[in-house]
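*Asks:* For reference, the sequence and a predicted model appear below.
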Number of protein chains: 2
Amino acid sequence: MRLAILGSGAVGQSVADLAGEYGHEVVALADSSSAVVDSDGIDVDDALERKISSGAVGDADPAAVFETDYDVLVEATPTTLDDAEPGFTHAKRALEADRHVVLANKGPVAERYEDLRAIEADSAGSVRFEATVGGAIPVLSTIEDETPQAVTAVRGVLNGTANFILTRMAAEGLDYEHVLAEAQDLGVAEADPTFDVDGTDAALKFVILANVLSDGGFSLEDATVEGIQNIPGSALDLAAEDGRTIRLIGEATREGIRVGPRLVPENGALAVTGTRNIVQIETRHAGSLHSSGRGAGGPETATAVLSDVGRLPEL
Amino acid sequence: MRLAILGSGAVGQSVADLAGEYGHEVVALADSSSAVVDSDGIDVDDALERKISSGAVGDADPAAVFETDYDVLVEATPTTLDDAEPGFTHAKRALEADRHVVLANKGPVAERYEDLRAIEADSAGSVRFEATVGGAIPVLSTIEDETPQAVTAVRGVLNGTANFILTRMAAEGLDYEHVLAEAQDLGVAEADPTFDVDGTDAALKFVILANVLSDGGFSLEDATVEGIQNIPGSALDLAAEDGRTIRLIGEATREGIRVGPRLVPENGALAVTGTRNIVQIETRHAGSLHSSGRGAGGPETATAVLSDVGRLPEL
């Protein structure tokens, strides 16, 4: 398939980098202010080097991307809330041109799910969004294969930054501020870590899951969310005396979405460590399926994008 | 899709029972000596009751199944080794009639993988076999979506009977013979438990995985296999003193297949308990993906069969 990639952060760059290995061609790559397009396939190495050295992937205007001949638009621009723009309109333009859309951007499917599905229904193209939930872990494709109606709930740890912080607080007996600074030094937390530590990032993912289970009906404002910023080290010590620890756990059902710190058994499935994520998919006939892995990272998320591309039908 | 189901043990019965819920119709159901066929869809409840009360699903000859108009042949007859008959020929007949085949029977893909793929290549139908590895756990579809070339190894616990026995031996300090008898009483081990306790069942699954990674080249005789029959209770006690336990672990790579008892960390991912299974899929770009769940059972395995049916293209 010919890929047009919007977004040249870690995910966009990794998709461009790995596309060839998966048998696909990159015909366009754009960042916020520039683009490089070539209907015969761009020189990916060249564009990525240019991005690193000059901050721009190319000379063209980003609008040039939509003028290229592509099969799949990969939307990997930063997640935005409420109207989910400009990501939503990017997806809309591709669908209205009867092209496929693969999202790494959570905004359109967390905040405007039904609007997006309506446009998809009138298009020859399809929308897939495995990369929006759980990075490399095949959560959405598992639910799709089980069929959503056979899934009753999805629970788990879907934010690696918060999980890393809680793991380190428990392991070292350090306080939140100290471990957050360590996480930022390691690149595990961003300079502005708000969405990770206040539970918003996890909530967006569980909102997407609730939308998949119910075919729409939810957005971020429907979620009950509590973050990890107020957990004192003493809470983790107390928990440990009882063979437990604390994790930021989310749950999505057909009734809604909740995210918050919970006590979990120290050696249980939900007590994943470091930046690892885990989902527990509760099914009607097959009990509980657990999937864990790397929930974030350029290459990790890119494998989810390319996995989606592989499941798209020929146009 | 219209399903023709060969085999009326736990798996065949569950596939027939759940097919309607997944939007499919059962047009034929056969056991070893009888069949019931109806191009408008059989009365599944009726057939299953008949099976329970009389031991036979219907009045027709099993050969009648191949004369029905069906889209997918579900091959759920008992796994056989070496020539993998009659399962192999059942699959061959369906493919030669340009129909799809979904296998729950491990024989054809463990023992005659390349032969089967060659027949598939000349057919309009496709072969899928998620149910042959790990019951409800989506192992093969995960590898397929990652693309096999991006997977370097698959490791894990894929036999619930052996895992249950080892879990109970460690938990209660009981010896093997005692726990095996308990497992048989519970229906977790069969009257003849050989294939489960000598590692053959697990080995067949890892052979199938090696065949998927390498597109053929392996059969059961290529596997290095050791079972659990000779593990004394004292070995588990010793392991526990060191924070470890023993599990029957298998591994498949492009080099081959090994199955045998291994020491694993007591609280680690591989120390699944009871009849639960786990696979660790090692990938080039996304680290290690772990999936665990129920590895066996009628409804559990049926969900894997129906998941495969859902991924088949229209004929």
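*Replies:* Noted; the coordinates are in hand.
*Asks:* CA atoms for contacts and neighbours, from now on please.
*Replies:* Will do.
*Asks:* Check whether residue A:5 sits in a helix, strand or coil.
*Replies:* What DSSP: H, G, I helix; E, B strand; the rest coil gives for residue A:5 is strand.
*Asks:* Could you verify my assumption that residue A:83 touches residue A:112?
*Replies:* Yes - if you go by Cα atoms under 8 Å, residue A:83 and residue A:112 touch, sitting 7.2 Å apart.
*Asks:* Looking at the two, which one has more neighbours?
*Replies:* The residue with more neighbours, out of residue A:83 and residue A:112, is residue A:112; 21 against 13, by other Cα atoms under 10 Å in any protein chain shown.
*Asks:* Excluding chain neighbours, what is closest to the residue in the stretch 1-150 of chain A positioned nearest to chain B?
*Replies:* As assessed by Cα to the nearest Cα, chain B sits closest to residue A:145 within the stretch 1-150 of chain A, at 5.0 Å. Using Cα to Cα, 6 or more residues apart in numbering or on different chains and skipping residues adjacent in sequence, the residue nearest residue A:145 is residue B:307, 5.0 Å away.
*Asks:* Counting neighbours, what do you get for the one you found?
*Replies:* Neighbour tally, residue B:307, other Cα under 10 Å: 25.
*Asks:* need the contact list for residue A:30.
*Replies:* Applying Cα atoms under 8 Å, 6 or more residues apart in numbering or on different chains to residue A:30 gives the contacts A:5, A:6, A:7, A:8, A:36, A:57, A:58, A:62, A:65.
*Asks:* ok, now with 6 Å
*Replies:* A:6, A:7, A:62 (Cα atoms under 6 Å, 6 or more residues apart in numbering or on different chains).
*Asks:* most surrounded residue in those residues?
*Replies:* residue A:6 (26 neighbours).
*Asks:* pretty sure that one contacts residue A:75?
*Replies:* Yes - if you go by Cα atoms under 6 Å, residue A:6 and residue A:75 touch, sitting 5.2 Å apart.
*Asks:* Quick check: phi and psi on the residue of chain A positioned farthest from its centre?
*Replies:* Most distant from the centre of chain A: residue A:241, at 34.7 Å, with distances by Cα atoms, centre = their mean. Dihedral angles phi and psi of residue A:241 (degrees, to the nearest 10) take the values phi -60, psi -20.
*Asks:* can you pull the pLDDT of it?
*Replies:* Residue A:241 carries a pLDDT value of 94.
*Asks:* Check residue A:238 too.
*Replies:* Reading off the model, residue A:238 has pLDDT 94.
*Asks:* Quickly note the distance from it to residue A:232.
*Replies:* Counting by Cα to Cα, to the nearest Å, the separation of residue A:238 from residue A:232 is 10 Å.
*Asks:* Neighbour count: those two, which is higher?
*Replies:* residue A:232 (15 against 12).
*Asks:* could you list every residue that touches the more buried one?
*Replies:* Counting by Cα under 6 Å, 6+ apart, residue A:232 has no contacts.
*Asks:* How much space separates it from residue B:282?
*Replies:* Distance of residue A:232 to residue B:282, computed by Cα to Cα: 36 Å.
*Asks:* can you check residue A:218 too?
*Replies:* For residue A:218 relative to residue B:282 (Cα to Cα), the value is 35 Å.
*Asks:* Give me the more crowded residue out of those two.
*Replies:* The neighbour count for residue A:218 versus residue B:282, taken as other Cα under 10 Å, is higher for residue A:218 (26 against 19).
*Asks:* and that one, which of the three is it?
*Replies:* Of the three states, residue A:218 takes coil under three-state DSSP.
*Asks:* Likewise for the one 10 residues further on?
*Replies:* Taking three-state DSSP as the rule, one finds residue A:228 in the coil state.
*Asks:* Near it, how many other residues are there?
*Replies:* 20.
*Asks:* before we move on, what about residue A:192?
*Replies:* Other residues close to residue A:192 by other Cα under 10 Å number 9.
*Asks:* those helices in the stretch 151-300 of chain A, which residues are they?
*Replies:* A:160-172, A:176-186, A:194-197, A:200-214, A:233-241, A:298-310 (DSSP state H, counting those that start in this stretch).
*Asks:* Return the residues in contact with residue A:201.
*Replies:* Contacts of residue A:201 by Cα under 6 Å, 6+ apart are residue A:195.
*Asks:* So for chain A, the centremost residue is which one?
*Replies:* Centre-most residue of chain A, counting by Cα atoms, centre = their mean: residue A:132, 2.7 Å.
*Asks:* Is it correct that that residue is in contact with residue A:104?
*Replies:* Yes - Residue A:132 lies in contact with residue A:104 (Cα under 6 Å); the separation is 5.0 Å.
*Asks:* and chain A, what are its domains?
*Replies:* Using automatic domain parsing, the domain parsing of chain A gives A:2-135+A:298-311, A:141-294.
*Asks:* among these, which is nearest residue B:41?
*Replies:* domain A:141-294 (22.0 Å; Cα to Cα).
*Asks:* ends of the closest one, how far apart?
*Replies:* One end of domain A:141-294 to the other measures 16 Å (Cα to Cα).
*Asks:* what does stretch A:217-230 give?
*Replies:* OK, stretch A:217-230 end separation, Cα to Cα: 31 Å.
*Asks:* now that stretch: how far from the chain's centre is it?
*Replies:* 16 Å (Cα atoms, centre = their mean, to the nearest Å).
*Asks:* what's the answer for stretch A:262-282, then?
*Replies:* With Cα atoms, centre = their mean, you get 18 Å for stretch A:262-282.
*Asks:* So for that stretch, what gets flagged as buried?
*Replies:* By 16 or more other Cα atoms under 10 Å in any protein chain shown, the buried positions in stretch A:262-282 come out as A:263-266, A:269-282.
*Asks:* Could you do stretch A:227-240 as well?
*Replies:* Using 16+ other Cα under 10 Å as the test for burial, stretch A:227-240 gives A:227, A:228, A:233, A:236, A:237, A:239, A:240.
*Asks:* With stretch A:151-161 instead?
*Replies:* For stretch A:151-161, by 16+ other Cα under 10 Å, it's A:151, A:153, A:154, A:155, A:156, A:157, A:158, A:159, A:160, A:161.
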